[in-house]
Structures are given as structure tokens and as C-alpha cells.
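Engineer: Below are the sequence and a predicted model; questions follow.
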Amino acid sequence: MLDALNEFIAGLNGHDVHAWADTIHFPHLRVHEGALTVWQTREEYVERSRQELADLLGSGWSHSSLDSWSIVHQSRTNAHVAVRFGRFDATGDRLSTFDSLYILKRADHRWGVLARIGFEVQLVS
């Protein structure tokens, strides 16, 4: 099941919206920055995520990493995973940190991300 999270991050880090979309179940839900976004289909996700990826790259982002994770609830077909991930630039400097809850689901013979809810964390150095 946790392979689904790693594949999600790998798709994002590959800057490939098609590979990223392959790690998701639809409809897909994201709560972020006070907004709710729902993608009904893989095609819609690919089309709308191109701009999101371009905006990330334009901000200086290069890649993300899972800093930590903890399974909050799990059944044979569903899991809620608390994650902390970081965004980094090409030199490896941390740009931001996010705490999120990822909802994973097993459907169509595979685990995938069904929903994600997160917010940016202000780390104290």
C-alpha cells in the first residue's frame, strides 16, 4: 500500500502528469489552501495538472520527498496515511514543508491515492 505513495511522488518528481495520474483513483479530491478541487477523470487530471506542474517548476521547485509517514487507519481496501513531505529546488535546498493526510484506496487490483488534504507548515530553525 505504501508503494502507492512512493509511486505518486515518483510520478510528480518525474515531471510527468501521465505517470502521476496513473497513481491516482478517480474521482480524485484535493483540499488545499482553503480550496476544494475534484477531478472526475484521469483525462481531466492530466489536462488540469499540466498548469500546476508548470507553476511548481516556475517557482523553483525541482522535486519533493516524503520526510515521514504514519498509517492512521487501515483496512484491506482503504488507508489513511499522515505524511510530511518537502519541496526542494534543484540544489537540494528545502523550499517548503507540508503536513497532509492521504486517503489511499485499493480498487481495480491496485492501491492508489483517492484524496489528499494538506497545508504548508512553518518550520522553526
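Structural biologist: Now that the structure is in, tell me what you want to look at. Quick caveat, the model's predicted, so the values are computed rather than measured. Residues are numbered from 1 along each chain as shown.
Engineer: What residues does residue 72 make contact with?
Structural biologist: Applying Cβ atoms under 8 Å, 6 or more residues apart in numbering to residue 72 gives the contacts 80-82, 101. In this view, the C-beta of every residue, glycine as well, is placed from N, C-alpha and C.
Engineer: buried subset of the residues you listed?
Structural biologist: Using 16 or more other Cβ atoms under 10 Å as the burial test, those include 80-81 as buried.
Engineer: Neighbours of residue 48, how many?
Structural biologist: Residue 48 has 12 neighbours, counted by other Cβ atoms under 10 Å.
Engineer: all helices of the protein, in order?
Structural biologist: Ranges of helices in the chain, per DSSP state H, are 2-13, 17-21, 42-58.
Engineer: which stretch among the ones you listed comes nearest residue 92?
Structural biologist: Taking Cβ to Cβ, helix 2-13 is the member of the helices of the chain nearest to residue 92, at 13.0 Å.
Engineer: And the closest one, what's buried?
Structural biologist: 4-5, 7-13.
Engineer: what do you get for stretch 39-50?
Structural biologist: Counting neighbours by 16+ other Cβ under 10 Å, stretch 39-50 gives 39, 45-46, 49 as buried.
Engineer: now what about it, what contacts it?
Structural biologist: Here stretch 39-50 has contacts from 17-18, 20-22, 24, 26-28, using Cβ under 8 Å, 6+ apart.
Engineer: Please apply the same query to stretch 91-104.
Structural biologist: Outside stretch 91-104, the residues that touch it by Cβ under 8 Å, 6+ apart are 1, 4-5, 8, 29, 59-61, 67, 72, 78-89, 111-121, 123.
Engineer: hmm, which of the residues you listed are the buried ones?
Structural biologist: Neighbour-count burial within those applies to 1, 4-5, 8, 61, 79-81, 83-88, 111-116, 118; the criterion is 16+ other Cβ under 10 Å.
Engineer: follow-up on the earlier one: least confident of the buried residues of stretch 39-50?
Structural biologist: When the buried residues of stretch 39-50 are compared on pLDDT, residue 49 comes out lowest, with 94.
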